[in-house]
Structure formats: structure tokens, C-alpha cells
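Student: sequence first, then the predicted structure, then my questions.
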Amino acid sequence: MPAAETDCGEMPAAETDCGEMPAAETDCGEMPAAETDCGEMPAAETDCGEVPAADTSIPVDVNVPGVSPVSSSLDIARCISEPGTITDDLKFSLISNRIPHDNYRFPSRTYKDKRRKSGVIHRRCKPEWLKTFEFLCYSESKDGLYCLGCCLFPDTSHRRSKKLISEPYFNWKDAMEDMKEHSTCMYHLSSMAKLHSFIGTHRNPNQRIDLSIRYAESERVKKNRQILSSIIKTLVFCGRQVIALRGHRDDESNRETSSNMGNFKELLQFRADAGDVILQEHLRSCAKNASYISKTSQNELLTCVKMYTQEEIVKEINAQPIGPYYSIQCDEVTDASNWEQLGLVVRYLKDGKPIERILEFIPCENVSGEAICDAIISCLIRVGLDPQKCRSQTMDGAGNMAGKNIGAAARFKAINPKAIYHYCSSHDLNLAISKSCQLKEVQICLDALKKLGIFFKYSPKRSRRLEKAVDEVNEDREEARKIDKKKFKVYSETRWVEKHTTLQAFDDLYEPILLCLDAISSKERGWDSKAVVEANGLLHKISEPIFVAAFQTILHYFRYMAGLSRKLQGSSLDILQGYRMVKDIREIILDSRANDTDYDQVYCRMDKMASSSSTPLKVPRQCLQQTQRSNVPASTTKEYFKRSVFIPYVDALIQQLEMRFSNLAEQSTKALLLIPANMAHISQSDINDLKEIYGSDMPDVESLGQELVLWKHMWSRQDEQERPQTLTGTLQSPRSCPTMYPNIMTALQLMLLTSVTSSSVERANSSLRFIKGYLRTTMSEDRFNSLMLLFIHRDIMVDIEKVIDTFARRNPRRMMLQSPLGEVA
């Protein structure tokens, strides 16, 4: 008969076939096993029918046989030892797999028990406990139980026991009582509430409060950013197309009080009517202090656009292979509000080619050299550029710019000795052309052209008569010889290319102009006396032989200069190309002075032009003493005009070109010796100078000598015709390897940073009138610069999201533009 169950739930096992008494498993999980063929230890046999006494349940060792219940990665003991690795998915997996599978055999633990003959008793975890208490989770590695709620969702506001939380529970004797007691603790109840909530929200994420809040905030932020994106796109559109944003009293205007709310608001309304539902709802329901379409919000958003554009330019400068080196151009201009604006342009390399971009217009209350230098340095530092990385500065010849001691260039070079000053070549060329026209006959010719342009410019009636004269002349001409131009502009002293354009236009329109002036002065009635007198004077002036000779002479040589003037205004020209082009033109003019080929062409056109006016070429009256015009001796008319006009003008032009373009800056000349075509002229002293000038910028200046030997040897094997003659050509040559010649490539690239002219800043100054005209003179500097950068840098695409991020960071906003809880997963 099997023994009765004891108080502690132990069952003395019946005697087996081999005479041993295997113990039955008790309710509390104790398993005093009999030794079987499987190797289990038999429990001590009790005295006949006696009830065994209570044991002390002191663990002796741990026996861990059996099959793994779950994956080791889902063992709760391992997970809580690394709390930072527990994710929501892992938590849910631990909860779902807390009970081992049905075939799992829990390992037994051996405890001391003095009641038994063997002195030990076996106990193990019972699956029923895991089913009874839903918070329990079994750990195979520790052979113990943990409370899922207290481990995964701890409530640290109460004192807690270590068992079941940070330490495994394996007191199998008192398991039922301890589990019941633990289930009533306040901290456990709080943790279980969190666990139940977690299970529900994990199965149905829409029930999660944090996710609901984050999702709502995300949708709100997304909507707000869409609203702001529409507003910024409208601002960018206005800036690109030079459309004024607001009109007079724009802040007070609305649809109820005005039929015209201004360009910006009307474009927003047009966008809303075209299908932007979110913007339409915002404009209809937004608070007055959170509409983000006021002039203040416009200024802030435009400032963010300006900052973004400048950041993109600085990023391109910093991304250069040679490092963050650059050069600057600057020039002053007076805007419509009578403020002195200093345009600042930076030149850098992108994909091996020079790029010039306007960086900012700086308002200058003081235009002294010191004030301009301080303004330049402050601007460079503000946008994130190091003034010490500037390697060239190109300016005009004004005293406050080019002054030897106190000019802006000299002061900047005192701060950064490597910033070499270069005078603008376009200004030099313009001055050379202007100074060469000091000859009295040429001055009279140009003065007549100015008066003629003014005569037609300010009278629509006279302009229409000139157009009629053009049509009359075209009637008698073949299609190929018909005149396309119908307007004559005023001769400009400062606009470089316009000079050539005006002279060419006068040559094309000479016959219609003569016909028009003749009609106004004598053949037609209805003209006022002033028009008749002026037309008669201009007709005689442009028909005189001396005028014809001077005009055809300057037109002939201006045609040589026209291509150079246009080329110098490009931003991709390197300094060597520019000076070589000037040298070529100077040599051609010198050749024309030595032979009669060019003068024969000029005289042929003189004769043709004179025949058009029915005034033959003839020598003017001469006398022994003449002070008002040339009185050179000549035997023929052709010889007279050559001596009196042609040769003096050519001599003056050659002198000006030689004086202004004879020498480069000494530092620049040294780097130009690295051009393959110039390598034959380099010497050891030149190498030492190169080390002194560019040594601090070279990656390994000590190996420059060896590089030059290799560089010279490589190009010496090439024909002279195949050797590059420009900086750009040298850098783009496949033989120019930056890995093989790092120091030489660095010096050439730094040389390519040198601007030949300041034409880019001149163009930016010319664009200023489109943004700040007489109707838009009161805008702030940030607003003005933002609109200028949008108008000029059309190739820089504005990243609207980055602009919104910058706008959100600058100041607290009533409109939520960034979620404080982060993005929703």
C-alpha cells in the first residue's frame, strides 16, 4: 500500500521491482526520485508509516537536464542582465513564451532532508504554477522563476524584494505561499497593470497613448510644414521672378477691405484656389498672430533662405580637393535709397572649374579703406569662411580700394599676406580705351554720338521718324542687306561692351540717320524749332570728313577689343588666358602701326561712308599756325587722315595697353612658370620663391624640387604644340596627376582662384536695380540680400525642409514645426 501523503505534500513511493522506494512528486513540486535504470537518485525510505518531518530546504546543487524550453535569446535572466537591449518586440516575445512546451522536463534540485535515509530530497518547478500565476516566467539558464511584470515594467516607487525580480526564485517548497504573497504587493499590482496595458497596445498599437500622441503630433507637424512650405515656395517664386512681395499698407489689407491684397497674398490665394486645400484652410481659420504671411514672417523666412544659400556656397568651398581656399571680388555701388552697397563675390573651384558667386551685399556708412576691409572680414567670418584662406583679391582702382597704404586691399593684405591684390582687367581695358580717345578729333566724334543718342532717346516722335527712315532704306535693299536695328542708344562711357554695340549700331544706321535728320531739319513740317536746329547741327557734324575718319578709325580697333571685353567678363577665365589675350591684341595693333594694310581697310570704309552723306573726303583748310585741329603736312587726303587721326590714335592705344597690362603681380608670375609651356624658364630661385609663397599650402613642400624635376621631364617628351598653355588646360590634362604631383597641382589650383576681373560683382551690382528700385527703397538689408541671392543664384535649388528646420530653431513658434517626441515609428 502506498503511504499517505504527508503534510508537506510528499508521497512515500511504493516499493519497486528492485526493492527500492521511489518517491512520488508532491504538490509543492518536490520529487524524491528512486534510483532507476535512468540514473535517478532514490529517496530515503522512512520508517513504516511514519510522516516525515519538515525539511530545511537548503539547496546543495543544481542538476539541469532536459530539453531547452525556448530560444536562449528569450531567456528572461539573460535579457534583464542587459536592460538596454530589451525592445517592445522582445518584451512581447518573453510574455508570449513564458511557459515551456508541454514535453519539457524541468530539472530537479537536490535539497538536504534529515528525515530520509539518503539525507536528501528532490524538488522541481511545476508547470501548474506557471498556469496559475500569469505573471511567472521560467528561466532555463537560472532554473528559476521571475515575475514578468516587475522585471519588464518595474515600479521603483516602493521597496521591492530581489526574489522574482533581480534574482531567480527556486524555493520550490514554499512556492505557492510566496507567489500568493507576491501577487498582492502594491508594486507588483502596478507593474501588472502596465504589463496588461502593454499587451493590449502591442496587439493593437492604436490603443497606445504615447503612439497616439506622437501620431497626432506628427500629423500636426506634417500639416504645419506643408503650410509653411507653400508660403516659402511663394516667397522663392517672387524672389526668382523679381516680383515685389507687398504693397502699400499690406498689413492692413484683406479680402473684406481691399480687392487687391498685394502680390504675395494674392499669389497665396491663387495657390489655395488652385487646389492647395491645406493652405486654404490655414488662410481661412488661422489666428491673426499665427498666419506667417506678415512682413515680419516674410523677413524671417527670407533670412532663413539667405542663410541656406550662403551655407550651400560655403559647403562647395569647403569641399574643394585643395581645401577651403577662395578669392574675393568687391566693388561699391549706390542703390536707389542712396545707400552705399559693397558687393562681395567669392571665387572657388568646382569640378576643376572656377565658379564665382555673389555672397552678400554689405551696407557701408563709411567708405574708407579701413571700414571696407572690416566689413569684408566681418562678412566672411559670419558666413563661416576663414579670412586667412583667401588667396586673391580683385578690386577696381579707386583710392579707398587700391590705396597703397590705407586702401582696403592693402589693409586686407596686412591681415592675410597671401591675399594678393589684382587690379580688375576689365577696368584696365576700359581705361586704356578711354585714355586713348583723348585725341581731339576722336573726342569730337564721340561727343557727337552722345548728342545724337540723346536726340532720339527722349523723344518718341523722333524715334518713330527714325524707324520710318529705316523702313524706307530697307525698301531699296536686298534681303541680306536689310537693317535689323531700329533704335540708336546713347554712347556709354562706363558700360564696357555697350561702347562697341553703340559704334556698330551707328555704322549700320548711318544712312537712315542721315535721312531722318535731313527730313526733320528741312524737308518736313510740324517739327518744333529746337528739333530742327539740333537735327541740322547733328547732320552737318556727322557728315564732316574729320568725323568720318575718326569714327571709322575707332570702330576698326574697337572691333579688336570687343571680343576681349566680352571674354574678360566671363567667370571661367584664368589670369594667364586674360593677359595672353591682351598681349596678342597689343602685338596685332603694333603690326597694324608698322604696315598700311589696316589703314587701307579703314580708308576704304571712310570713303564709302562719306559717299553715303554726299560729302567727299577732303583735307580741311590749313594755315601756318593751327591750334583747334591737326595741321599736319600731307600731300593727299589719305595721307592727311593717316597722320592726323589714325597714327595718333593707334600710338595712344598701344601706349595705354603696354602701360596697364605689361606686368602681372610678382607672386602670380612665379606660379605661371609651372605651366608646361613656360617650364623652360624656371630656375632654382623661382623654386625657392614658390616654396615661400605656396609652401604653407602645399601637402609636402620638401618634395617640391623632386616633383619639378619629374614634371619638367614628363613634359619635355611632348611636342611644344601639345603642351598646355593655360591653367585650366594644364589641370584638365590627363598627365596632370594629383597623386604624382600634389604640390604642383595645389599651386596651379590656387593660381586658378585668381580673378582676372571683377565683372561678376559688377554684374551683381547691375542686378541690384531689379530688386531695389525707386518703388522698393525701404526694405531691410536681410530682406534685400535674400531676394538678391534668389534672383542671382537661380541654379542653387532651395531645400524647403532645411529652411523650415532653420526657421523652427531660430525662435519659439506658435505653429508646431518639429515634434518634441521625435518621429513615429
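Tutor: Happy to help now that I have it. Numbers count the residues shown, from 1 in each chain.
Student: from here on, just use CA atoms for contacts and neighbour counts.
Tutor: Will do.
Student: where does this protein have low pLDDT?
Tutor: Along the chain, segments meeting pLDDT under 70 span 1-73, 158, 206-208, 210-211, 247-258, 493-496, 570-576, 623-629, 662-671, 819-825.
Student: mind listing the helices for the stretch 451-600 of the chain?
Tutor: In the stretch 451-600 of the chain, the helices defined using DSSP state H, counting those that start in this stretch lie at 460-475, 496-508, 510-518, 529-543, 545-568, 575-594, 597-612.
Student: which one of the ones you listed lies closest to V645?
Tutor: Between V645 and these, the shortest gap by C-alpha to C-alpha is with helix 545-568, which sits at 6.2 Å.
Student: could you confirm Y111 falls within a strand?
Tutor: Yes: membership of Y111 in a strand is supported by DSSP: H, G, I helix; E, B strand; the rest coil.
Student: just grab the bridge partners of it for me.
Tutor: Taking DSSP bridges as the rule, Y111 bridges to P59, I121.
Student: could you measure it against R123, distance?
Tutor: As judged by C-alpha to C-alpha, to the nearest Å, Y111 and R123 stand 8 Å apart.
Student: what about those two, which has more around it?
Tutor: R123 (25 against 21; other C-alpha atoms under 10 Å).
Student: the more buried one looks like it's in a strand, true?
Tutor: Yes: assigned with three-state DSSP, R123 falls within a strand.
Student: host element of Y138?
Tutor: Using DSSP states H and E, Y138 sits in strand 136-139.
Student: after that strand comes which helix or strand?
Tutor: Heading C-terminal from strand 136-139, the first helix or strand you meet, by DSSP H and E, is strand 144-147.
Student: and whichever helix or strand comes after that following strand, how far out from the chain middle?
Tutor: Of the helices and strands lying after strand 144-147 in sequence (DSSP H and E), the nearest is helix 148-152. Offset of helix 148-152 from its chain centre (C-alpha atoms, centre = their mean, to the nearest Å): 51 Å.
Student: by contact count, what packs against helix 148-152?
Tutor: On a contact count with 3 or more C-alpha pairs under 8 Å, 6 or more residues apart in numbering; DSSP states H and E, helix 148-152 meets helix 186-203.
Student: other SSEs contacting the helix it packs on?
Tutor: helix 88-96, helix 148-152.
Student: hmm, back to that, from the contact counts, what lies against the strand holding Y138?
Tutor: helix 76-81, helix 127-132, strand 144-147.
Student: mean neighbour count, those: which tops it?
Tutor: For those, the largest average neighbour count (mean count of other C-alpha atoms under 10 Å) is found in strand 144-147, namely a mean of 25.
Student: C-alpha coordinates for it, PDB please?
Tutor: Output of strand 144-147 as PDB, limited to C-alpha atoms (Å, rounded to 0.1, in the frame of the first residue of the first chain):
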ATOM      1  CA  GLY A 144      14.200  29.800 -11.500                       C
ATOM      2  CA  LEU A 145      11.100  31.800 -11.800                       C
ATOM      3  CA  TYR A 146      10.800  35.600 -12.500                       C
ATOM      4  CA  CYS A 147       7.900  38.000 -12.300                       C
END
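Student: centre of the chain versus that strand, how much separation?
Tutor: That offset, for strand 144-147, works out to 58 Å (C-alpha atoms, centre = their mean).
Student: cool, stretch 124-142 as well?
Tutor: On C-alpha atoms, centre = their mean, the centre of stretch 124-142 falls 62 Å from the chain's centre.
Student: check stretch 763-772 too.
Tutor: For stretch 763-772 - counting by C-alpha atoms, centre = their mean - the centre lies 22 Å from the chain centre.
Student: just the strands in this protein please.
Tutor: 59-62, 108-112, 120-124, 136-139, 144-147, 326-334, 340-350, 353-364, 390-395, 420-423 (DSSP state E).
Student: turn the ones you listed into CSV, including distance to L380.
Tutor: CSV is the format used below for the strands of the chain (distance: least, C-alpha to C-alpha, whole Å):
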stretch, distance to L380
strand 59-62, 74
strand 108-112, 77
strand 120-124, 78
strand 136-139, 65
strand 144-147, 63
strand 326-334, 10
strand 340-350, 9
strand 353-364, 9
strand 390-395, 10
strand 420-423, 17
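Student: for I95, which of those strands is the nearest?
Tutor: Closest among the strands of the chain, using C-alpha to C-alpha: strand 136-139, at 7.8 Å.
Student: follow-up on the earlier one: which one of the helices and strands packed on strand 136-139 lies nearest to I554?
Tutor: For the helices and strands packed on strand 136-139, proximity to I554 was assessed by C-alpha to C-alpha; helix 76-81 is nearest, at 91.9 Å.
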